[in-house]
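1. next input, structure requested:
(4 chains)
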4 protein chains.
Amino acid sequence: MIIVMKKGSTAEDLKRVEVRVTELGYRPHPIVGVERTIVGAVGHEDKTPLHDLEAMDCVEAVIPILRPYKLVSREFKPEASVLDVAGVAVGGRELVVMAGPCSVESRDQILKSADAVAAAGAQFLRGGAFKPRTSPYAFQGLRREGLELLAEARKRTGLRVVTEVVSVEDVPLLVEYADVLQIGARNCQNYALLAAVGETRKPVLFKRGMATTIKEYLQAAEYILDRGNYTVLLCERGIRTFETATRNTLDLNAVPVLKRETHLPVIVDPSHGTGYADLVPAMARAAVAAGADGLMIEMHPNPSEALSDGPQSLGPADFEGLMRSVRPVAEAVGRALTGPKQK
Amino acid sequence: MIIVMKKGSTAEDLKRVEVRVTELGYRPHPIVGVERTIVGAVGHEDKTPLHDLEAMDCVEAVIPILRPYKLVSREFKPEASVLDVAGVAVGGRELVVMAGPCSVESRDQILKSADAVAAAGAQFLRGGAFKPRTSPYAFQGLRREGLELLAEARKRTGLRVVTEVVSVEDVPLLVEYADVLQIGARNCQNYALLAAVGETRKPVLFKRGMATTIKEYLQAAEYILDRGNYTVLLCERGIRTFETATRNTLDLNAVPVLKRETHLPVIVDPSHGTGYADLVPAMARAAVAAGADGLMIEMHPNPSEALSDGPQSLGPADFEGLMRSVRPVAEAVGRALTGPKQK
Amino acid sequence: MIIVMKKGSTAEDLKRVEVRVTELGYRPHPIVGVERTIVGAVGHEDKTPLHDLEAMDCVEAVIPILRPYKLVSREFKPEASVLDVAGVAVGGRELVVMAGPCSVESRDQILKSADAVAAAGAQFLRGGAFKPRTSPYAFQGLRREGLELLAEARKRTGLRVVTEVVSVEDVPLLVEYADVLQIGARNCQNYALLAAVGETRKPVLFKRGMATTIKEYLQAAEYILDRGNYTVLLCERGIRTFETATRNTLDLNAVPVLKRETHLPVIVDPSHGTGYADLVPAMARAAVAAGADGLMIEMHPNPSEALSDGPQSLGPADFEGLMRSVRPVAEAVGRALTGPKQK
Amino acid sequence: MIIVMKKGSTAEDLKRVEVRVTELGYRPHPIVGVERTIVGAVGHEDKTPLHDLEAMDCVEAVIPILRPYKLVSREFKPEASVLDVAGVAVGGRELVVMAGPCSVESRDQILKSADAVAAAGAQFLRGGAFKPRTSPYAFQGLRREGLELLAEARKRTGLRVVTEVVSVEDVPLLVEYADVLQIGARNCQNYALLAAVGETRKPVLFKRGMATTIKEYLQAAEYILDRGNYTVLLCERGIRTFETATRNTLDLNAVPVLKRETHLPVIVDPSHGTGYADLVPAMARAAVAAGADGLMIEMHPNPSEALSDGPQSLGPADFEGLMRSVRPVAEAVGRALTGPKQK
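-> Got it, this is the predicted structure:
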């Protein structure tokens, strides 16, 4: 339910509504707007209805949310959210780019990556320190050492760090080092992990699962917001289909569907989405034309030597070329992409 | 195999090579270029090799084609084909747009459609007179009457007519009326029909099947070229996946994959690809950004009254808006889209 | 609509109803039962309702069919159909088996195949003379010569011949030679071909398409029955999914779903369904346990030398073993499978 | 690698080999057989090869495992494993059946369920106390209270209890109450959870993910065995495809593929696999005919009142009918299914 507060209602009024909502067995989620304040109230389906809240003098209306997802929906918040992600606005006119290697492999590799990422104009460095690998015998990441290298790269370049969290017990460690916690596709319906990052106040980059419908994906995102963490970036990264010419099928249709259904920003990852470096620039341009708020791109100083995901990684020069080719497309759809750093 | 003729070889030399290729049990496909002439030679896998053709004095080299598809491949013809489709160049800098209703329903409907399509700057009018419907009890099209209405619309507006052929026996009738023969997704592997349109010299708009891999799709296209009809436009129109938020999953990844594998132009149909009119403009922009050579868009003078595919059809104003929004994206990727007709 | 004739109504009454149904723009499909006669009346959705037929004195009731498919549905005919297929009852207690090679390759190969098929107790010989191959350069079948070899094999063994028809123009030739016309998966929605076999009175083995939903499949079958050919055997042969351990995913769920939705018999083809010979016996047993009315099995006298589909073909001894292992499963579910020929 | 010990090697020899394997950076997994003892040695791909172990006098051979999965493979252990699951042998001639409601809802519901499950001859009671629900606002299970009710049902009936674990932090609690820990489809690639249950010595029922290939699934199972827990039951429960007539597509092909690739037992869940109660008995029979070692069936004392998964749950009488109809199929394939309890 959405409780619309009357114009001129006070902070105290808001508090009273929150208390009442809690008493009725719901969780209150206030959004204080410039014009008007609203309170989302969510809970189990079988609770008492909230309509008697309309009797409170500070409440203008109580409106049901019909979608199976609530806090993420445009019903709850009709305008697009522009989120503050470690000082970078995501979801506004300016596009964001997150780039870097699949895994942090060495100091040299991650610093070279960071330099190239920053030089090309991106705002975020991605790199995995904890890797969810298909085989238990494959390289699982440098773990804490990888996080420290990412922190060093951040200090050197000013880039924000996006890195994946794969288990609840690692959350506190990751919160300490990362600017953005990434939830990978395999954990898209790992609700315990979603709840755990929902309890933090770190921005979350939340990837769609390989076989998760958009409806299920938004309900999963709801697990994060329901715990009070509203800084969630969605990320389309390819779904599983019968086609074998690409590793996954990047589902760009998800971009306009998500933009219609939710106020959250949408990032697109054409590297995992296609699995082949030569397809990444075209799909990056397409993603922006479809309305994406940002891109996540795998870049490695030397793709042929990457310990993981080499075939889908761009080298620094190709990454810079991608950025250059995306810029006019961004402008063509009324967006902007930061230019390369002045040398 | 590709037989590369020596520079300065004559038409007579070419004839000799063609005769020899035929004698050896292959079908010759000559391409006379500005710089150089080549002859594709295709046949059953188990035939005698052609390497002894290298002994002919007019032949420079005999090169195998490794891909399972031959005449459509970039191995056979490395540069993109710019095809003459009823006087319109397809595959060059200028994008093409094919628009119109799913079915021709009435004189009034198709003339209104044609006027709106032409006014917005498109070059082709699409409209089905023979419809392959899922149910035998659904509207199957106006047949010959529909073709005559399309011809009238062409005369009135100068638009070229694209219309579907669903059976071999209708091919002669369709050849008489259409500028472009469309093969629909359900007939993507109807090899008898592909061979039949391959025997004509009408341009073919050949749609990908709902569950056809790109490799199978290109091999199917080969059935058309193998009969000597080289004017084939490929068309991505959505594949079948588990996702239900869209009617199909428009697979834009197919665009850069096809552009790498084949020299044939690639058209994208976001109307069937998504199934919902509100998603069409974003996906049309994305298709162009991904490198498509053209768009096929369902437009109806009054979508809510359409006999078929209403939910995915744009009205005239929305179609005009789509064209306007695609134009800057086309320019951002070095292409152009004709402006609206001067009134 | 289903028009239920009164008990005791005469052939003349039936004729009058058929005439009236036709006048109203519908196609009548009479089924004369032991207890009662009914007439299916199908036509385009927008025709006049038939309810005024209830005014005829010989008509007891006019009942709508709610499913999108009509003549194939259990609404139209609640009890399972036991079809006479060239003298063999299909759909009754006794299971049927169709076996043989993918393609007719030579006289020796097909006669050896037929001997092994007959010896193991099967009733039908399958073998392709016209092959719909993915590549135009692959072996396309022996055509008429193949049909003659099949006829010779039939004469020698008494087996009925099932062979594929891939184009409308071949239908008359195939009708002359075959006992059962097979429509392959790629032509599942080739409605022109379905209508053409619907005009014949030959039994049809109609395979499900690779990405055809069960609902679409039944609507496609309706195209055959709507032309008056009611002897249609459905055939599940594997669908396209993301899994790569099997060539297709044999969808045995389709068996109980089809048995609930339609009165037509259901055959299962585990050879195409899995793509690997070692998986075929287990899936054949599972198909029978799920309720299939018969099996279609690829068998080749020498699988390693087959021109097509060798990896999924059983040799004669393995085929005989499959038959032996299926028999007790058939009995466990109240069915029977003919024993091997007495030698 | 598999290290084959010489005949007559001692426990001390084995210890020495284990120490040496560990020193070289691998994890040793000894299997002491009647005839021969072998040691699996697994570790990261980039470690020193183990071939110098052949120099040890107690070692007969060092053999590489080529499959991407090691401990679960038939290369490692060629004969099928018969596992002791809380006193019940799984994987032998006798089939096992696990049945019960989706969720534990109340004392009355779970005790009635247990009585019906036991009466029909099943050995395991399934029931969720912790539920991974698509929406955070749906019923999430009775948690500890549910576990206590399951324990009461066990005491009353002697059934073993299978219940799902959804987060690492719940593992100790679940170990205390459950006989078998279930990992659900959504957590199939939640490697942190797999490692956590791998550290326990509780039997694990490990469900395949909705879009997990068989190869990925076996690699995921490897995460459990790699931690020393070898009592793992695999479970096919339906995959995601385009088909909508069923909730999922139960992939019975996985049964013979898994039986070929791995020595672990394979359970089939036709309730989640199809999503509709009327399809469950046919698919249960098919699963057994395909070679499954057991069944997992949703049963509810009153399906129409179930809080979750009602449409796919059988009532007690239908469950008893299913058991009765599966028994002859089990016998037809050389297996057995315990009869109903004598009253």
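2. residues in contact with the host helix or strand of A:Ile110?
-> Take DSSP states H and E as the rule and A:Ile110 turns out to sit in helix A:107-119. Under the contact criterion CB atoms under 8 Å, 6 or more residues apart in numbering or on different chains, helix A:107-119 has outside partners A:99-101, A:104, A:124-125, A:127, A:146, A:149-150, A:152-154, A:156-159, A:299-302, A:316, A:319-320, A:340-341, A:343. All C-beta atoms are positioned from the backbone trio N, CA, C, and that covers glycine.
3. out of those residues, who's near chain B?
-> Checked against chain B using CB under 8 Å from any CB of the partner chain, the contacts of helix A:107-119 yield no neighbours at all.
4. count residues in the vicinity of A:Lys7, would you?
-> Neighbours of A:Lys7 under the rule other CB atoms under 10 Å in any protein chain shown: 9.
5. got the contact list for it?
-> The contact partners of A:Lys7, taken as CB under 8 Å, 6+ apart, are A:Glu35, A:Arg36, A:Glu60.
6. what of A:Thr249?
-> A:Thr249 sits next to A:Gly238, A:Ile239, A:Arg240, A:Thr241, A:Glu243, A:Gly273, B:Ile239, B:Thr241, B:Thr249, B:Asp251, B:Asn253 when contact means CB under 8 Å, 6+ apart.
7. how long is stretch A:187-195 end to end?
-> End-to-end distance for stretch A:187-195, by CA to CA, to the nearest Å: 12 Å.
8. ok, it near chain C or not?
-> No: applying CB under 8 Å from any CB, one finds stretch A:187-195 out of contact with chain C, separated by at least 15.9 Å.
9. hmm, who's touching that stretch?
-> Residues from elsewhere that reach stretch A:187-195, judged by CB under 8 Å, 6+ apart: A:132, A:165-168, A:183, A:206-209, A:212, A:216-217, A:220, A:223-224, A:227, D:132-134, D:136, D:166-169, D:186-187, D:189-190, D:193.
10. do that again at 7 Å, thanks
-> Here stretch A:187-195 makes contact (CB atoms under 7 Å, 6 or more residues apart in numbering or on different chains) with A:166, A:168, A:183, A:207-209, A:212, A:217, A:220, A:223-224, A:227, D:132, D:166-167, D:186-187, D:190.
11. neighbours around the residue lying closest to A:Asp170 once chain neighbours are set aside, how many?
-> Leaving aside its sequence neighbours, A:Asp170 sits nearest to A:Phe130 (CB to CB, 6 or more residues apart in numbering or on different chains; 6.1 Å). A:Phe130 has 25 neighbours, counted by other CB under 10 Å.
12. could you say which helix or strand holds A:Phe130?
-> Applying DSSP H and E, one finds A:Phe130 in no helix or strand.
13. one step back: narrow the contacts of helix A:107-119 to just the buried residues.
-> Neighbour counting over those (16 or more other CB atoms under 10 Å in any protein chain shown) leaves A:99-101, A:104, A:124-125, A:127, A:146, A:149-150, A:153-154, A:157, A:159, A:299-301, A:316, A:319-320 as the buried ones.
14. among the contacts of A:Lys7, who's most crowded?
-> A:Glu60 (15 neighbours).
15. residues contacting the helix or strand hosting it, please?
-> Element membership for A:Glu60, per DSSP H and E: strand A:59-63. By CB under 7 Å, 6+ apart, the residues outside strand A:59-63 that reach it are A:Met1, A:Ile2, A:Ile3, A:Val4, A:Met5, A:Lys6, A:Val17, A:Leu50, A:His51, A:Leu53, A:Glu54.
16. most neighbours of all those residues, which one?
-> Neighbour max across the contacts of strand A:59-63 (other CB under 10 Å) = A:Ile3, 27 neighbours.
17. can you tell me the SS state at that residue?
-> Under DSSP: H, G, I helix; E, B strand; the rest coil, the three-state class of A:Ile3 is strand.
18. so it sits right up against A:Val42, yeah?
-> No: using CB atoms under 7 Å, A:Ile3 is not in contact with A:Val42, being 11.3 Å away.
19. before we move on, the earlier item: okay if I get the contacts of A:Lys7 as JSON lines plus distance to D:Ser308 and pLDDT?
-> Formatted as JSON lines, the contacts of A:Lys7 follow (distance: CB to CB, whole Å; pLDDT from 0 to 100):
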{"residue": "A:Glu35", "distance to D:Ser308": "41", "pLDDT": "74"}
{"residue": "A:Arg36", "distance to D:Ser308": "37", "pLDDT": "79"}
{"residue": "A:Glu60", "distance to D:Ser308": "36", "pLDDT": "87"}
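20. nearest to B:Val288, of those residues?
-> Nearest to B:Val288 out of those is A:Glu35 (CB to CB; 37.7 Å).
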